[in-house]
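>>> can you look at this prediction? I've put the sequence above it.
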Amino acid sequence: MNTTYRVCLMSVLLMAPVLFAADSEKASINQSDSSITQAIRKAIAADKSLSAEAHNIKISTYGGWVNLKGPVRTREERLIIEDKAIEVAGRYNVFSQLELAPANQGITEDPFIETTVPVKSDDPKRTR
């Protein structure tokens, strides 16, 4: 046999257990990640004081690191969700990208508040 061929064959045989161990380790990480995500989702769903936006945030977990992403209505909701994720995953394993949703999103809750509409400068009805 050629020396190069032997070296390649030996390295493949020696690396095979490492490669299979990596696959089983990845499988256990994926199970752990999905269980973390499910636990956080369950804790959020159980809290009925949160808005629909808060219940629909995106939760992704990889290698034990949790990423929270999406809009919430208030800062209090943001803190509640972050606290629930920290309880499950740990304080330093949660990365929050939660954002406050735009206020009222064009809908006023108070009927006495008038909404202003921008007026074009070439509008003849515009008073100065």
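Alright, I've got the coordinates. Residues are numbered from 1 along each chain as shown.

>>> CA only for contacts and neighbour counts going forward, please
OK.

>>> in the chain, where is pLDDT below threshold?
In the predicted model of the chain, residues 1-31, 103-128 satisfy pLDDT under 70.

>>> how close does Ser32 sit to Gln97?
Separation of Ser32 from Gln97 (Cα to Cα, to the nearest Å): 22 Å.

>>> what about Glu77, how many residues nearby?
Neighbourhood size, Glu77 [other Cα atoms under 10 Å]: 19.

>>> which stretch of helix or strand covers it?
helix 75-89 (DSSP states H and E).

>>> what packs against the next helix or strand after that helix?
Scanning forward in sequence from helix 75-89 by DSSP H and E, the next helix or strand is strand 94-100. Contacts defined by 3 or more Cα pairs under 8 Å, 6 or more residues apart in numbering; DSSP states H and E place strand 94-100 against strand 65-72, helix 75-89.

>>> can you put the ones you listed in TSV and add distance to Ile44?
Output for the helices and strands packed on strand 94-100, formatted as TSV (distance: least, Cα to Cα, whole Å):
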stretch	distance to Ile44
strand 65-72	12
helix 75-89	7
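
>>> pick the most buried one from those.
A comparison of the helices and strands packed on strand 94-100 by mean neighbour count, using mean count of other Cα atoms under 10 Å, puts strand 65-72 on top with a mean of 20.

>>> neighbouring strands of that strand in the sheet, and parallel or not?
strand 58-62 (antiparallel), strand 94-100 (parallel) (DSSP bridges).

>>> buried sites along the shortest one?
For strand 58-62, the neighbour count (16 or more other Cα atoms under 10 Å) marks Ile59, Ser60, Thr61 as buried.

>>> now do the contacts for the closest residue to the first one other than its chain neighbours.
Distance criterion Cα to Cα, 6 or more residues apart in numbering; nearest residue to Ile59, sequence neighbours excluded, is Leu68 at 4.9 Å. The contact partners of Leu68, by Cα atoms under 8 Å, 6 or more residues apart in numbering, come to Ile57, Lys58, Ile59, Ser60, Glu82, Val94, Phe95, Ser96, Gln97, Leu98.
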